[in-house]
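Colleague: what's the 3D shape of this:
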Amino acid sequence: MEGFFTRKQTESINAGAGGRVYTCAGCGLYRHCESPRMKPYGEFKKGIACVGEAPGQVEDERGRPWQGKAGRLLQRTLRKYGVDLFRDCITLNAVNCRPPDNRTPTPEEINHCRSVRTWKALQQYQPRVIILLGSAAVESGIGHRWSGSRSDNLAKWRGWTIPDQDLKAWVCPTYHPSYLERSGQRRELMTLWEGDLDRALEKVKEPWPRSAEPEIEIVDDLSFLDSVAGSSGLMSFDYETTAIKPHAPGHRIRAAAIASRPDHCWAFLMPRTKAGRAPLRRWLKNREVAKMAHNIKFEHAWSYNILKVQVRGWEWDSMLAAHLLDNRPGISGLKFQTYVNFGVVDYSSDVDQYLRSAPNAPEGGNAPNRIDKLLKQPSGPDKVLRYVGLDAVYEYRLALRQMERLGWDFLPF
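Modeller: Below is the predicted model of the structure:
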């Protein structure tokens, strides 16, 4: 799995849908400003990159980022934490030419500038901490690698300190200072913003942690579960199924994975015979196995309806714990939690389209997805097993981190 975390990265930086190449000529903003293709600015003494939205009128006139009111607010705030914006940081923008009338950059303009300048600058300077200021910066730094949806909902991104495995840096989204200016520097917003910046700057002193690639052991015979079932400790598991809900006729569990450590799991296609599934059924019913999942009602319902097993020994639901730790909407999904906690931004793009129902399928949780179509492809089973295995491992890692944060002392049964 060498290069697994970054294999999609290069593809998405320079080319868009259909292999389109992004360039300055394709954008055209440089034709309408006084300081085109504004270069990164700063001495970079503390290894911090501050990425904003785009130059304003003052910046365009002076040829340097962060020269207006928003820049002065950012400078004053950073000084509270012993950081000089231009001495200690490198500064740049998601779009490095001023848009006409200071309008918000378009996603297309962000794509062009990311390819030509912004991402290349981050790779050149290799900052320890990258502070993404505002939605355009988040779209530039994260959006092109975030499959399935846009990243411009800043409310769910701000405040995280993300050990990004592509950029090999702490990525820290927060508000753009112009938003604070427009709000009249409301006290509650300033408190959130200053807290975000404080957490980000603390990461300058903390080594960036590499997320180890897990071992996914593909198995056909499930009899090994009888030997591990009596051992104490935590085990997470995950299913890949033909729909979200199991109640319509014909639905099946197609694959599963069980992790007993944060670096290892067993992944398998669901056996077709009762005898082949028997060890799994015994494992699910065993109260002595402390079980974890992300949204346990899913695995519980599929086990009960398809395998005819009442799961015993539930210990942890990492989705519920995510809600307890931070109740903002849109952040409790496993993919989001995996990225903000471990910096792994995309491991599902190979299978995502097959886990959704067809466009003409009936609505509702019982609508069939297209996983069976994927499994019929030559490489389909391997893709599904890798995907379900990574789900199980990241559920395990996430649960351990949540237990630590919540002060949970796990005691085996």
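
Colleague: Please, which helix or strand holds residue 91?
Modeller: strand 89-93 (DSSP states H and E).

Colleague: Let's test this: mean pLDDT of that strand, rounded?
Modeller: Per-residue pLDDT over strand 89-93 has a mean of 97.

Colleague: what about the helices in the stretch 201-350 of the chain?
Modeller: Taking DSSP state H, counting those that start in this stretch, the helices of the stretch 201-350 of the chain run over residues 224-228, 274-285, 296-306, 318-325, 334-342.

Colleague: Let's have those helices in CSV, adding distance to residue 103 and mean neighbour count.
Modeller: Every residue, glycine included, has its C-beta placed from N, CA and C. Shown next, in CSV, are the helices of the stretch 201-350 of the chain (distance: least, Cβ to Cβ, whole Å; neighbours: other Cβ atoms under 10 Å):
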stretch, distance to residue 103, mean neighbour count
helix 224-228, 59, 15
helix 274-285, 56, 17
helix 296-306, 43, 18
helix 318-325, 36, 18
helix 334-342, 30, 21
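
Colleague: Mean pLDDT and distance to residue 357 added to those, as TSV?
Modeller: Output for the helices of the stretch 201-350 of the chain, formatted as TSV (pLDDT from 0 to 100; distance: least, Cβ to Cβ, whole Å):
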stretch	mean pLDDT	distance to residue 357
helix 224-228	88	31
helix 274-285	97	26
helix 296-306	98	16
helix 318-325	97	21
helix 334-342	96	18
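
Colleague: Figure out which of these is closest to residue 236.
Modeller: Minimum separation from residue 236 across the helices of the stretch 201-350 of the chain (Cβ to Cβ) falls at helix 318-325, 8.1 Å.

Colleague: what angle separates that closest one from helix 334-342?
Modeller: When axes from the mean of the first three to the mean of the last three Cα atoms, to 10 degrees is applied, the directions of helix 318-325 and helix 334-342 differ by 60 degrees.

Colleague: Just to check, residue 271 is in contact with residue 277?
Modeller: Yes. The pair residue 271 / residue 277 is scored as a contact, 5.0 Å apart, by Cβ atoms under 8 Å.

Colleague: Listing request: residues of this structure with sub-threshold pLDDT.
Modeller: Residues of the chain that meet the criterion pLDDT under 70 lie in 1-19, 147-152, 229-232, 410-413.

Colleague: domain ranges for it?
Modeller: The record's domain parsing of the chain by automatic domain parsing lists 14-205, 215-406.

Colleague: Please render the helices of the stretch 201-350 of the chain as a markdown table that adds distance to residue 71 to the earlier fields.
Modeller: Shown next, in a markdown table, are the helices of the stretch 201-350 of the chain (distance: least, Cβ to Cβ, whole Å):
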| stretch | distance to residue 71 |
| --- | --- |
| helix 224-228 | 58 |
| helix 274-285 | 58 |
| helix 296-306 | 47 |
| helix 318-325 | 34 |
| helix 334-342 | 28 |
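
Colleague: closest one to residue 144 among these?
Modeller: helix 334-342 (13.6 Å).

Colleague: next structured bit after that closest one?
Modeller: Following the chain from helix 334-342 toward its C-terminal end, the next helix or strand by DSSP H and E is helix 371-375.

Colleague: Any idea which residue is closest to the centre of this structure?
Modeller: Nearest residue to the geometric centre of the chain (Cα atoms, centre = their mean): residue 339, 2.8 Å.

Colleague: Let me see the contact set for that residue.
Modeller: 146, 162, 345 (Cβ atoms under 8 Å, 6 or more residues apart in numbering).

Colleague: hmm, 7 Å instead?
Modeller: Listed by Cβ atoms under 7 Å, 6 or more residues apart in numbering, the contact partners of residue 339 are 162, 345.

Colleague: Which of the three states applies to the closest residue to residue 62 other than its chain neighbours?
Modeller: Closest residue in space to residue 62, ignoring its immediate chain neighbours: residue 35 at 7.6 Å, by Cβ to Cβ, 6 or more residues apart in numbering. Here residue 35 is recorded as coil under DSSP: H, G, I helix; E, B strand; the rest coil.

Colleague: What about residue 35, how many residues nearby?
Modeller: 18 (other Cβ atoms under 10 Å).

Colleague: so it touches residue 65, yeah?
Modeller: No. With contact defined as Cβ atoms under 7 Å, residue 35 and residue 65 do not form a contacting pair (9.9 Å).

Colleague: Many thanks, we can stop here.
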